[in-house]
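Generate coordinates for the sequence data below:
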Amino acid sequence: MPLTVSDFVAVPEDVLGAVLAYSAWLESQGYKVKAEPYELEYPNTPVLKATRGTGEECFYEIASKVNRGRAEDWVRYGKASSTDTRFVVVVANGRTVATSDLAHLKTLGVGVHLISGSEVTELCPAKDLSLPIEFPAVSGPLAKKLATAKGLFADGHWREAYKEACLELEEAARRHLIKRVRAGATFASDKGKQVFYTEDKVSKLTLGGVELAFQQLAGPTQVESRVTQAIARVRPNRNAVTHKPKSAKQAQQLREQVGKDLIVIVNAMRMLR
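Numbers count the residues shown, from 1 in each chain. Next up is the predicted model:
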């Protein structure tokens with residue numbers, strides 16, 4: 001049910017219309033929205049709290065200007081949390097955000113939105129404040145291949161970043177297999193029956209198919225054995241992030257493993273260069 005004026009106690013009248021419009025926008029994005037939630041552990045009472053089925057919690061400050069102190073309080077709260085926690089400052093009534101404020105909030109990982117009428121504009125995305133990981137250091141050609149994934153991660157879209165990094169690993173592994181096919185490599189099933197691959201067939205393999213092909217290499221090198229292990233490690237989480245976790249438990253498991261999985265992906269791609 002959409003929120004109404006009576007759901008709010010502390011919101012100033014001059015931003016109440018913007019709050020109602022923004023809450024309606026959140027609901028249209030698939031969130032369940034609660035007005036002015038209170039918990040003992042909250043640093044202050046947010047204007048809105050929005051949740052989704054995967055355990056993501058987003059808190060919103062909606063005002064006519066930025067309050068850095070309140071944002072910093074929520075960043076500390078997010079860092080003390082163990083689940084996906086985000087904070088967004090929403091500036092209402094057509095007001096702008098000072099360049100210094102925007103830079104500061106972006107550095108903190110706080111999202112910044114503008115709302116004018118019913119139109120919402122994102123100036124910077126909110127990051128998962130509870131996720132204490134960094135994208136692995138990369139350089140040279142590898143940095144170029146993983147630039148999209150790294151950019152997504154920097155913008156707080158760690159699920160999309162992970163999916164993109166897995167795609168790059170998949171592509172690198174396919175290129176390696178094609179080289180082996182051209183060189184006349186032999187492939188065999190676990191029962192010893194010869195398996196035949198062509199360049200065209202390899203180019204269409206999914207990550208699971210790539211893993212199987214690596215497993216079927218006769219006399220694999222150390223690099224190939226380790227790449228096989230790497231693909232086997234990341235593939236279940238790749239499937240989960242592609243098809244979206246079906247429960248908060250699955251989402252939490254993915255969050256706990258994504259940092260190390262990214263290191264696994266980078267190491268495997270280095271070996272395949």
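
what ranges do the strands span in the stretch 1-150 of the chain?
Per DSSP state E, counting those that start in this stretch, the stretch 1-150 of the chain carries strands over the ranges 32-35, 48-51, 57-63, 85-91, 111-116, 119-124.

now these as CSV including distance to residue 199?
All C-beta atoms are positioned from the backbone trio N, CA, C, and that covers glycine. Output for the strands of the stretch 1-150 of the chain, formatted as CSV (distance: least, C-beta to C-beta, whole Å):
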stretch, distance to residue 199
strand 32-35, 49
strand 48-51, 47
strand 57-63, 46
strand 85-91, 44
strand 111-116, 45
strand 119-124, 43
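
Ok, which of these comes nearest residue 268?
strand 85-91 (30.3 Å; C-beta to C-beta).

Report the inter-axis angle for that closest one versus strand 119-124.
120 degrees (axes from the mean of the first three to the mean of the last three C-alpha atoms, to 10 degrees).

Mind exporting the C-alpha coordinates of strand 85-91 to CSV?
C-alpha atoms of strand 85-91 as CSV (Å, rounded to 0.1, in the frame of the first residue of the first chain):
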residue,chain,number,x,y,z
THR,A,85,23.3,-2.0,3.8
ARG,A,86,23.1,1.2,1.8
PHE,A,87,22.4,4.8,2.5
VAL,A,88,21.1,7.4,0.0
VAL,A,89,20.8,11.2,0.4
VAL,A,90,17.9,12.5,-1.6
VAL,A,91,17.8,16.2,-2.3
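
Run the angle between it and strand 111-116 for me.
30 degrees.

Please state the offset of strand 85-91 from the chain centre?
17 Å (C-alpha atoms, centre = their mean, to the nearest Å).

so what secondary structure elements neighbour that strand?
Where contact means 3 or more C-beta pairs under 8 Å, 6 or more residues apart in numbering; DSSP states H and E, strand 85-91 is packed against strand 57-63, helix 68-79, strand 111-116.

that older thread, determine which stretch of the strands of the stretch 1-150 of the chain is the most buried.
The highest average neighbour count among the strands of the stretch 1-150 of the chain, using mean count of other C-beta atoms under 10 Å, belongs to strand 85-91 at a mean of 25.

Strand partners (parallel or antiparallel) of it?
strand 57-63 (parallel), strand 111-116 (parallel) (DSSP bridges).

Can you add distance to residue 167 and mean pLDDT and give those back as TSV?
TSV is the format used below for those (distance: least, C-beta to C-beta, whole Å; pLDDT from 0 to 100):
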stretch	distance to residue 167	mean pLDDT
strand 57-63	27	96
strand 111-116	26	96
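
if we can go back for a sec, could the helices and strands packed on strand 85-91 be laid out in CSV, adding distance to residue 258?
Output for these, formatted as CSV (distance: least, C-beta to C-beta, whole Å):
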stretch, distance to residue 258
strand 57-63, 18
helix 68-79, 17
strand 111-116, 20
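
Out of the ones you listed, which is closest to residue 49?
Nearest of the helices and strands packed on strand 85-91 to residue 49, taken as C-beta to C-beta: strand 57-63 at 5.5 Å.

Return that closest one as CSV; C-alpha atoms alone will do.
Provided in CSV are the C-alpha atoms of strand 57-63 (Å, rounded to 0.1, in the frame of the first residue of the first chain):
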residue,chain,number,x,y,z
GLU,A,57,18.4,-2.8,3.2
CYS,A,58,18.5,0.8,2.0
PHE,A,59,18.0,3.9,4.2
TYR,A,60,17.1,7.3,2.9
GLU,A,61,17.5,10.8,4.1
ILE,A,62,15.2,13.1,2.1
ALA,A,63,15.8,16.9,2.6
